[in-house]
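**Student:** heads up, no residue letters with this:
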């Protein structure tokens, strides 16, 4: 994911002097997201954020409130932009096995995309932030819980549609799929891993699913 130049754009109307210039909020968030990923939340300074976002300190505080609030908005942007469509498709696809295969394949593509931070900032932050950042950690915990809920809901749909047996241990399978997903995000941080290798690892996640109803083994 490249840092892109954020240029201040004159406002269309200026009733008074000293009014802050408008800026591209999405592009600023993308650049903040990249910096948070590269340096970590604790090591990232406001001056560094102002530089990569292309805005001055008063404008940053006015627009985002604080570094913590900016970080949370960047996280929400990351989740909505990169993972929202992926999980929406996962819940819409009819076949559990194809849906899971496609989900993990998309995960591998996103995690090593040059347009996205390498790996998942939500998972990485949960592992590296100190306990005193309880407000951020609470939000991150909710985001990770949302991911578990997506897997849980999809498995319940599969039971309802008689794809998998009603006595499947859904909590255990949900936990396994979630851990596999989060493990991929950490694997993506390895600098020597390539797209093909991560994709091969990702696709093995389908083997965590129970067998099809009436079949001896899970669909390949």
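**Tutor:** Received it, and whenever you're ready, just let me know what you need. None of these values were measured; they are calculated from a predicted model. Numbering: from 1, shown residues only.

**Student:** So the residue nearest to residue 56 when sequence neighbours are not counted versus residue 63, what's the distance?
**Tutor:** Computed as C-beta to C-beta, 6 or more residues apart in numbering, the closest residue to residue 56 that is not its neighbour in sequence is residue 50, at 6.2 Å. Glycine gets a C-beta too; all of them are placed from N, C-alpha and C. For residue 50, the distance to residue 63 (C-beta to C-beta, to the nearest Å) stands at 11 Å.

**Student:** related to what we said a few turns ago, neighbours of the residue nearest to residue 56, how many?
**Tutor:** Using other C-beta atoms under 10 Å, residue 50 has 18 neighbouring residues.

**Student:** looking at this structure, which helix or strand is least sure?
**Tutor:** helix 121-128 (a mean of 78; mean pLDDT, DSSP states H and E).

**Student:** so after it, what's the next helix or strand?
**Tutor:** helix 134-160 (DSSP states H and E).

**Student:** Give the buried residues for that next one.
**Tutor:** Of the residues in helix 134-160, those with enough neighbours to count as buried (16 or more other C-beta atoms under 10 Å) are 136, 139-140, 143-144, 147-148, 150-152, 154-155, 157-159.

**Student:** residues in contact with residue 41?
**Tutor:** By C-beta atoms under 8 Å, 6 or more residues apart in numbering, the contact list for residue 41 reads 67, 71, 125, 128-129, 133, 136.

**Student:** repeat that with 6 Å
**Tutor:** residue 71 (C-beta atoms under 6 Å, 6 or more residues apart in numbering).

**Student:** Can you tell me the SS state at it?
**Tutor:** coil (DSSP: H, G, I helix; E, B strand; the rest coil).

**Student:** let's have the chain start at 57 instead
**Tutor:** Sure thing, new numbering starts at 57, so read that last one as residue 97.

**Student:** Do you know the pLDDT at it?
**Tutor:** With respect to pLDDT, residue 97 scores 89.

**Student:** where's it relative to residue 180, distance?
**Tutor:** According to C-beta to C-beta, residue 97 stands 10 Å off from residue 180.

**Student:** Equivalent analysis for residue 148, please.
**Tutor:** Computed as C-beta to C-beta, the residue 148 to residue 180 distance reads 28 Å.

**Student:** now the residue nearest the centre of the chain, nearest residue through space, not along the chain?
**Tutor:** Nearest to the mean C-alpha position of the chain, by C-alpha atoms, centre = their mean, lies residue 135 at 4.2 Å. If the residues on either side of it in the chain are set aside, residue 135 comes closest to residue 199, at 6.0 Å by C-beta to C-beta, 6+ apart.

**Student:** Perfect, that will be all.
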